[in-house]
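In: Provided below for reference: sequence and predicted model.
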Amino acid sequence: MLPVWLLDIDGVINAVTDDPDTRVWPRDQWVRTSAVSAHGLEWPLLAARPVLEFLRRVHDEGRAEIRWHSTWQSHAVNVGTALGLPSWPVAECPEFAESDAEIASPLVVVRHRWWKLPTAQRVIDDGRPLVWTDDDARHQLRRRDRAGWDAWALVVAPPVESGLTSRQLRRIDTWLAQRESW
Ligand SMILES: [Mg+2]
(Lines give C-alpha, C1' and ligand atoms only; values in the text may rest on other atoms or scores of the structure.)
Protein backbone atom coordinates (compact mmCIF):
# COMPACT_ATOMS: atom_id res chain seq x y z
CA MET A 1 0.00 0.00 0.00
CA LEU A 2 1.17 3.48 -0.84
CA PRO A 3 2.19 5.37 2.32
CA VAL A 4 0.29 8.48 3.35
CA TRP A 5 2.47 11.41 4.43
CA LEU A 6 0.78 13.80 6.84
CA LEU A 7 2.64 17.05 6.44
CA ASP A 8 2.56 19.87 8.95
CA ILE A 9 3.69 23.35 7.90
CA ASP A 10 5.05 25.53 10.71
CA GLY A 11 8.18 23.97 12.18
CA VAL A 12 8.33 21.40 9.37
CA ILE A 13 8.57 23.16 6.01
CA ASN A 14 8.30 26.67 7.46
CA ALA A 15 11.17 27.42 9.83
CA VAL A 16 9.74 29.41 12.73
CA THR A 17 12.52 31.97 13.01
CA ASP A 18 13.75 35.20 11.43
CA ASP A 19 17.28 33.92 11.19
CA PRO A 20 17.60 30.44 9.64
CA ASP A 21 20.16 28.07 11.07
CA THR A 22 22.87 27.85 8.42
CA ARG A 23 24.27 24.74 10.09
CA VAL A 24 21.07 22.95 9.06
CA TRP A 25 20.94 24.33 5.50
CA PRO A 26 23.36 26.80 3.85
CA ARG A 27 22.29 30.43 3.73
CA ASP A 28 21.67 30.43 -0.03
CA GLN A 29 19.25 27.50 0.29
CA TRP A 30 16.59 29.38 2.23
CA VAL A 31 13.58 30.81 0.42
CA ARG A 32 11.52 33.64 1.91
CA THR A 33 7.94 34.22 0.84
CA SER A 34 4.50 34.49 2.41
CA ALA A 35 1.00 33.03 2.14
CA VAL A 36 -2.47 34.08 3.20
CA SER A 37 -3.62 32.24 6.31
CA ALA A 38 -6.85 32.34 8.29
CA HIS A 39 -8.49 35.76 8.74
CA GLY A 40 -6.67 37.02 5.62
CA LEU A 41 -3.35 37.34 7.43
CA GLU A 42 -0.26 37.34 5.25
CA TRP A 43 2.01 34.89 7.05
CA PRO A 44 5.80 34.88 6.43
CA LEU A 45 7.32 31.64 5.20
CA LEU A 46 10.95 30.58 5.38
CA ALA A 47 11.62 27.26 3.69
CA ALA A 48 14.73 25.30 2.75
CA ARG A 49 15.05 24.48 -0.94
CA PRO A 50 16.28 20.89 -0.35
CA VAL A 51 13.18 20.15 1.76
CA LEU A 52 10.88 21.46 -0.98
CA GLU A 53 12.80 19.51 -3.63
CA PHE A 54 12.57 16.32 -1.58
CA LEU A 55 8.81 16.72 -1.19
CA ARG A 56 8.39 17.37 -4.92
CA ARG A 57 10.46 14.30 -5.74
CA VAL A 58 8.50 12.03 -3.40
CA HIS A 59 5.30 13.28 -5.00
CA ASP A 60 6.52 13.05 -8.60
CA GLU A 61 7.91 9.56 -8.11
CA GLY A 62 4.68 8.41 -6.49
CA ARG A 63 6.42 7.23 -3.35
CA ALA A 64 3.77 8.60 -0.96
CA GLU A 65 0.44 10.34 -1.00
CA ILE A 66 1.09 13.68 0.68
CA ARG A 67 -1.70 15.40 2.62
CA TRP A 68 -1.53 18.65 4.55
CA HIS A 69 -2.16 18.19 8.26
CA SER A 70 -1.77 21.58 9.88
CA THR A 71 -3.60 24.33 11.74
CA TRP A 72 -3.48 26.08 8.36
CA GLN A 73 -6.26 23.67 7.32
CA SER A 74 -7.76 24.79 3.97
CA HIS A 75 -5.25 27.67 3.79
CA ALA A 76 -2.46 25.10 3.49
CA VAL A 77 -3.00 25.14 -0.26
CA ASN A 78 -1.84 28.80 -0.24
CA VAL A 79 1.44 27.66 1.29
CA GLY A 80 1.81 25.01 -1.39
CA THR A 81 1.21 27.59 -4.11
CA ALA A 82 3.62 30.12 -2.55
CA LEU A 83 6.36 27.50 -2.35
CA GLY A 84 5.72 26.03 -5.80
CA LEU A 85 4.67 22.66 -4.44
CA PRO A 86 2.26 20.28 -6.17
CA SER A 87 -1.40 20.58 -5.22
CA TRP A 88 -2.02 18.34 -2.22
CA PRO A 89 -5.29 17.75 -0.41
CA VAL A 90 -5.86 18.76 3.19
CA ALA A 91 -6.20 15.70 5.40
CA GLU A 92 -9.76 15.26 6.64
CA CYS A 93 -9.84 16.32 10.26
CA PRO A 94 -13.24 16.94 11.85
CA GLU A 95 -11.46 17.13 15.20
CA PHE A 96 -9.87 20.44 14.20
CA ALA A 97 -13.12 22.32 14.78
CA GLU A 98 -13.20 20.97 18.34
CA SER A 99 -9.60 21.92 18.98
CA ASP A 100 -9.95 25.64 19.75
CA ALA A 101 -9.99 25.06 23.49
CA GLU A 102 -6.77 23.07 23.28
CA ILE A 103 -5.02 25.79 21.33
CA ALA A 104 -6.26 28.40 23.78
CA SER A 105 -5.05 26.56 26.83
CA PRO A 106 -1.98 24.32 26.98
CA LEU A 107 -3.36 22.93 30.24
CA VAL A 108 -6.27 21.40 28.36
CA VAL A 109 -3.87 19.54 26.08
CA VAL A 110 -2.62 17.53 29.02
CA ARG A 111 -6.07 16.06 29.53
CA HIS A 112 -7.22 15.72 25.93
CA ARG A 113 -5.92 13.77 23.02
CA TRP A 114 -4.10 15.84 20.42
CA TRP A 115 -6.61 16.89 17.76
CA LYS A 116 -4.21 15.81 15.02
CA LEU A 117 -3.99 12.25 16.30
CA PRO A 118 -7.31 10.75 15.06
CA THR A 119 -6.44 11.60 11.43
CA ALA A 120 -3.15 9.74 11.79
CA GLN A 121 -4.87 6.81 13.47
CA ARG A 122 -7.37 6.59 10.60
CA VAL A 123 -4.50 6.25 8.11
CA ILE A 124 -3.18 3.29 10.10
CA ASP A 125 -6.67 1.83 10.48
CA ASP A 126 -7.07 2.03 6.69
CA GLY A 127 -4.04 -0.22 6.40
CA ARG A 128 -1.80 2.47 4.93
CA PRO A 129 1.77 3.04 6.11
CA LEU A 130 2.11 6.50 7.67
CA VAL A 131 4.79 9.16 7.53
CA TRP A 132 3.93 11.96 9.93
CA THR A 133 6.12 15.02 10.10
CA ASP A 134 5.13 17.41 12.88
CA ASP A 135 7.35 19.39 15.22
CA ASP A 136 4.71 19.12 17.96
CA ALA A 137 4.82 15.32 17.91
CA ARG A 138 7.75 15.58 20.29
CA HIS A 139 5.58 16.71 23.16
CA GLN A 140 2.02 16.01 21.99
CA LEU A 141 2.27 12.39 20.88
CA ARG A 142 2.44 10.01 23.79
CA ARG A 143 3.76 6.48 23.65
CA ARG A 144 0.31 5.02 24.25
CA ASP A 145 -1.13 7.12 21.41
CA ARG A 146 0.96 5.17 18.93
CA ALA A 147 0.59 1.74 20.50
CA GLY A 148 0.49 -0.88 17.76
CA TRP A 149 1.78 1.40 15.03
CA ASP A 150 5.25 -0.17 15.10
CA ALA A 151 6.67 -0.47 11.59
CA TRP A 152 3.52 1.06 10.08
CA ALA A 153 4.46 4.57 11.07
CA LEU A 154 7.42 6.88 10.92
CA VAL A 155 6.92 9.95 13.08
CA VAL A 156 9.45 12.72 12.56
CA ALA A 157 9.53 15.82 14.76
CA PRO A 158 11.81 18.49 13.23
CA PRO A 159 13.35 21.30 15.26
CA VAL A 160 10.75 24.08 15.07
CA GLU A 161 13.31 26.76 14.16
CA SER A 162 14.71 24.92 11.16
CA GLY A 163 12.11 22.45 10.00
CA LEU A 164 13.15 19.17 8.38
CA THR A 165 16.89 18.49 8.45
CA SER A 166 18.96 16.55 5.90
CA ARG A 167 19.28 13.70 8.36
CA GLN A 168 15.51 13.52 8.75
CA LEU A 169 15.03 13.57 4.98
CA ARG A 170 17.42 10.63 4.70
CA ARG A 171 15.46 8.79 7.38
CA ILE A 172 12.21 9.33 5.49
CA ASP A 173 13.87 8.31 2.20
CA THR A 174 15.12 5.05 3.73
CA TRP A 175 11.80 4.29 5.38
CA LEU A 176 9.88 4.87 2.15
CA ALA A 177 12.33 2.66 0.26
CA GLN A 178 11.76 -0.11 2.77
CA ARG A 179 7.99 0.20 2.41
CA GLU A 180 8.30 -0.05 -1.38
CA SER A 181 9.54 -3.61 -0.95
CA TRP A 182 6.71 -4.63 1.40
MG1 LIG B 1 4.01 22.73 13.55
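Out: Thanks, I have it.
In: in the chain, which spans are strands?
Out: Ranges of strands in the chain, per DSSP state E, are 4-7, 30-36, 42-48, 65-68, 130-133, 153-156.
In: out of those strands, which is closest to the ion?
Out: strand 130-133 (9.1 Å; Cβ to the ion). Bear in mind the C-beta positions are built from the backbone N, C-alpha and C, glycine included.
In: nearest residue to residue 158 in space, please, no chain neighbours.
Out: Once flanking residues are discounted, residue 158 sits nearest to residue 164: 4.8 Å by Cβ to Cβ, 6 or more residues apart in numbering.
In: give the contact list for the one you found.
Out: 12, 13, 48, 51, 54, 133, 156, 158 (Cβ atoms under 8 Å, 6 or more residues apart in numbering).
In: still on that earlier bit, for the strands of the chain, give me TSV that also has distance to the ion.
Out: Formatted as TSV, the strands of the chain follow (distance: least, Cβ to the ion, whole Å):
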stretch	distance to the ion
strand 4-7	10
strand 30-36	15
strand 42-48	13
strand 65-68	12
strand 130-133	9
strand 153-156	12
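In: out of those strands, which gets nearest to residue 84?
Out: Proximity to residue 84 (Cβ to Cβ) singles out strand 30-36 among these, at 9.0 Å.
In: which outside residues touch the closest one?
Out: 15, 20, 42-49, 52, 75, 78-79, 81-83.
In: what about stretch 99-116, how long is it end to end?
Out: End-to-end distance for stretch 99-116: 9 Å, by Cα to Cα, to the nearest Å.
In: if we can go back for a sec, residue 119 is nearest to which of the strands of the chain?
Out: Smallest distance to residue 119 across the strands of the chain (Cβ to Cβ): 6.7 Å, for strand 4-7.
In: list the strands paired with the closest one, with their directions.
Out: Strand 4-7 sits in its sheet next to strand 65-68 (parallel), strand 130-133 (parallel), going by DSSP bridges.
In: still on that earlier bit, report pLDDT for the residue nearest to residue 158.
Out: Each residue has a pLDDT score; the one for residue 164 is 98.
In: shaky segments in the chain?
Out: The chain contains residues with pLDDT under 70 at 100-112.
In: near the closest residue to residue 75 other than its chain neighbours, how many other residues are there?
Out: In space, residue 75 comes closest to residue 37 once its chain neighbours are excluded; the distance is 4.9 Å by Cβ to Cβ, 6+ apart. Close neighbours of residue 37, defined as other Cβ atoms under 10 Å, add up to 19.
In: what does residue 37 show for phi and psi?
Out: Main-chain torsions, residue 37, degrees, to the nearest 10: phi -110, psi -160.
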